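Engineer: sharing a model that was predicted from the sequence below.
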Amino acid sequence: MLLTLDLNDARPLHQQVASAIRHAIGEGAYTPGDRLPPARDLADALGINANTVLRALRDLRDEGLLEFRRGRGVSVAGRADGRALLVERARELLDEARRYGYRREDLITILEELP
Amino acid sequence: MNPRSAAALWGAAITAALVAVPLTLRDRLPDPLAVHWGPAGAPDGELSFAAGLAVQVAMWIAIWGFLLAAAARERTLTRRMGRAYWWGTLVGGGLFVLGMGGTTLLANLDAPDWTAAVLEPWQVITVILVSAAAGLLAGHLGRGGPDLQAPAGAEPPRLDLRPGQRVVWVSRLTNPWLLAVTTVAAAGLVVVAVLDVAGASVGPVLPPLGVVLLVGLLTTSLTCRVTADGLRIGFGPFGRPARRIQLSKIDKAWSDTRYPSQVGGWGIRGLPGAATIMLRGGECLIIRYRSGGELAVSVDDAARGAALLNALVAEEVSR
């Protein structure tokens, strides 16, 4: 599972982790039924507290993307919600646009000009 | 020679020798035969002539059948390590079974009774050394050309790292079959411990079960992690002990499909510089060291891990 955290992201860390996991599942690395690496492994790799990862996992469970099973860990329950993924991508697009000096309005104009 | 016809001919020759030699010497052998000896060289186990013969032939047929089946599946012989193990087992295994049969016959030859059959330790040592040496030589001669470094299509996708990002890759793998074997060993240890307390003498079973349990605990599951520190491979359910490989030692990474039959089985296989950590057949993460060696780890989602490793290595080089 490839996870990316943006160090300049102002959102709470658990939301960023949830975004990263949602993104990884959306990319097709994990399909329904696949088990996720344990929260402890993810936390160690990211260098953050395991409770933060657990909180992100619980958020994703409430969203219906993950399911928790006793003794079997955390597995993917369904396909990533389309809208949630789009929001994720849009956020990345906005970040990229800002890097090139474009504002939110410029991006909206670009989207509107698309056929 | 084509490996399959070599295996067929060689195997048939060994089988013929295992059957024909005892039959021609039958008049000079006691019945039952001594087939097992204690550490001091005194016989402590016997079998009828027919049963002794059948056990030896069956042992060889099992090895031979396994090798024929492996050769029938193309992939075993497609990799250098697989070819070396295959040829080594064919020649070394054949000579070992033949040597065991021969020393058994020599010990029993002209003995009035199976209890009078004496096994010379030097014969056993010779058989082990000669078959091991022949197996190593055959493996060396039969290993063939080197493997292609990165087969077509194995190149991982490119990954661009941006400043201000922390990118990590984590994957975990458990083999349920190895886990089952380990669980059986653990249960066996408990049973043995209970029996031991009850006064039965089951001591000799203890060490092998313990070894199976320990090896099993360390190799039923692994965690792989790629971070800015490099690659970390943790063994066992707790991810410890762990093998760490720094980015500065890695030349490149890719993913490839490999099977236990190609690398000599499950577990940690091969020598440093050409080692494989094989928990199941399928997708493997492979890294090439700057020093030239290679390390393969069977793990899911390996292509993404390889892509991140390559990106991190490139970043480290340009720094």
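Structural biologist: In hand now; what should we look at?
Engineer: can you pull out the low-pLDDT segments for the stretch 201-319 of chain B?
Structural biologist: Low-confidence segments of the stretch 201-319 of chain B, defined by pLDDT under 70, span residues B:201-205, B:319.
Engineer: where exactly do the strands run in it?
Structural biologist: Secondary structure of the stretch 201-319 of chain B by DSSP state E, counting those that start in this stretch: the strands cover B:221-227, B:230-235, B:242-245, B:250-258, B:267-269, B:274-278, B:282-289, B:294-298.
Engineer: can you show me the helices along chain A?
Structural biologist: A:13-26, A:39-46, A:50-62, A:82-99, A:104-113 (DSSP state H).
Engineer: meant to ask about chain B, not that
Structural biologist: B:3-24, B:49-72, B:80-88, B:94-108, B:121-142, B:176-197, B:206-219, B:260-263, B:302-318.
Engineer: redo those helices as TSV? Include mean neighbour count and distance to residue B:286.
Structural biologist: The C-beta positions use only the backbone N, C-alpha and C, and glycine is treated the same way. Below are those laid out as TSV (neighbours: other CB atoms under 10 Å in any protein chain shown; distance: least, CB to CB, whole Å):
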stretch	mean neighbour count	distance to residue B:286
helix B:3-24	15	25
helix B:49-72	16	22
helix B:80-88	22	13
helix B:94-108	21	33
helix B:121-142	15	22
helix B:176-197	14	21
helix B:206-219	16	18
helix B:260-263	23	11
helix B:302-318	20	8
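Engineer: can you put those in TSV and add distance to residue A:24?
Structural biologist: Listed next are the helices of chain B as TSV, based on distance: least, CB to CB, whole Å:
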stretch	distance to residue A:24
helix B:3-24	43
helix B:49-72	37
helix B:80-88	33
helix B:94-108	50
helix B:121-142	42
helix B:176-197	24
helix B:206-219	27
helix B:260-263	29
helix B:302-318	9
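Engineer: not counting stretch B:14-23 itself, show me its contacts.
Structural biologist: Stretch B:14-23 is contacted from outside by B:29, B:49, B:52-53, B:56-57, B:60-61, B:64, B:94, B:97-98, B:101-102, B:105, using CB atoms under 8 Å, 6 or more residues apart in numbering or on different chains.
Engineer: and which of those residues is nearest chain A?
Structural biologist: Using CB to the nearest CB, residue B:64 comes nearest to chain A of the contacts of stretch B:14-23, at 39.8 Å.
Engineer: quick revisit: lowest average confidence across the helices of chain A, which one?
Structural biologist: Lowest mean pLDDT within these: helix A:82-99, a mean of 78.
Engineer: tell me what it is packed against?
Structural biologist: Here helix A:82-99 touches helix A:13-26, helix A:104-113, going by 3 or more CB pairs under 8 Å, 6 or more residues apart in numbering or on different chains; DSSP states H and E.
Engineer: which among these is found nearest to chain B?
Structural biologist: helix A:13-26 (8.6 Å).
Engineer: what are the structural domain limits within chain A?
Structural biologist: A:10-80, A:82-115 (automatic domain parsing).
Engineer: roughly how far apart are the residue nearest the centre of chain A and residue A:25?
Structural biologist: In chain A, the residue lying closest to the centroid (CA atoms, centre = their mean) is residue A:19, at 1.9 Å. Distance, residue A:19 to residue A:25, by CB to CB, to the nearest Å: 11 Å.
Engineer: quick one on the thing from earlier: among the helices and strands packed on helix A:82-99, which is the most enclosed?
Structural biologist: Neighbour counts averaged per stretch over those are highest for helix A:13-26, at a mean of 22; criterion: mean count of other CB atoms under 10 Å in any protein chain shown.
Engineer: contacting residues around residue B:231?
Structural biologist: Counting by CB under 8 Å, 6+ apart, residue B:231 touches B:224, B:225, B:244, B:245, B:250, B:287, B:309.
Engineer: flag every residue of chain A that's near chain B.
Structural biologist: A:1-8, A:29-30, A:35, A:37-38, A:41-42, A:44-47 (CB under 8 Å from any CB of the partner chain).
Engineer: can you count the residues close to the nearest residue to residue B:43 once chain neighbours are set aside?
Structural biologist: Using CB to CB, 6 or more residues apart in numbering or on different chains and skipping residues adjacent in sequence, the residue nearest residue B:43 is residue B:34, 3.6 Å away. Applying other CB atoms under 10 Å in any protein chain shown, we find 25 residues neighbouring residue B:34.
Engineer: got a pLDDT number for residue B:34?
Structural biologist: 84.
Engineer: can you redo the helices and strands packed on helix A:82-99 as JSON lines with distance to residue B:133?
Structural biologist: Listed next are the helices and strands packed on helix A:82-99 as JSON lines, based on distance: least, CB to CB, whole Å:
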{"stretch": "helix A:13-26", "distance to residue B:133": "51"}
{"stretch": "helix A:104-113", "distance to residue B:133": "72"}
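Engineer: for residue B:7, which of the helices of chain A is the nearest?
Structural biologist: helix A:39-46 (43.9 Å; CB to CB).
Engineer: Provide a list of residues in contact with residue B:93.
Structural biologist: B:60, B:63, B:67, B:131, B:135.
Engineer: repeat the analysis, applying 6 Å as the threshold.
Structural biologist: Taking CB atoms under 6 Å, 6 or more residues apart in numbering or on different chains, we find residue B:93 in contact with residue B:63.
Engineer: residue B:16 versus that one, what's the distance?
Structural biologist: Taken as CB to CB, the span from residue B:93 to residue B:16 is 16 Å.
Engineer: and what of residue A:23?
Structural biologist: Shown here: residue A:23 relative to residue B:16, a distance of 64 Å by CB to CB.
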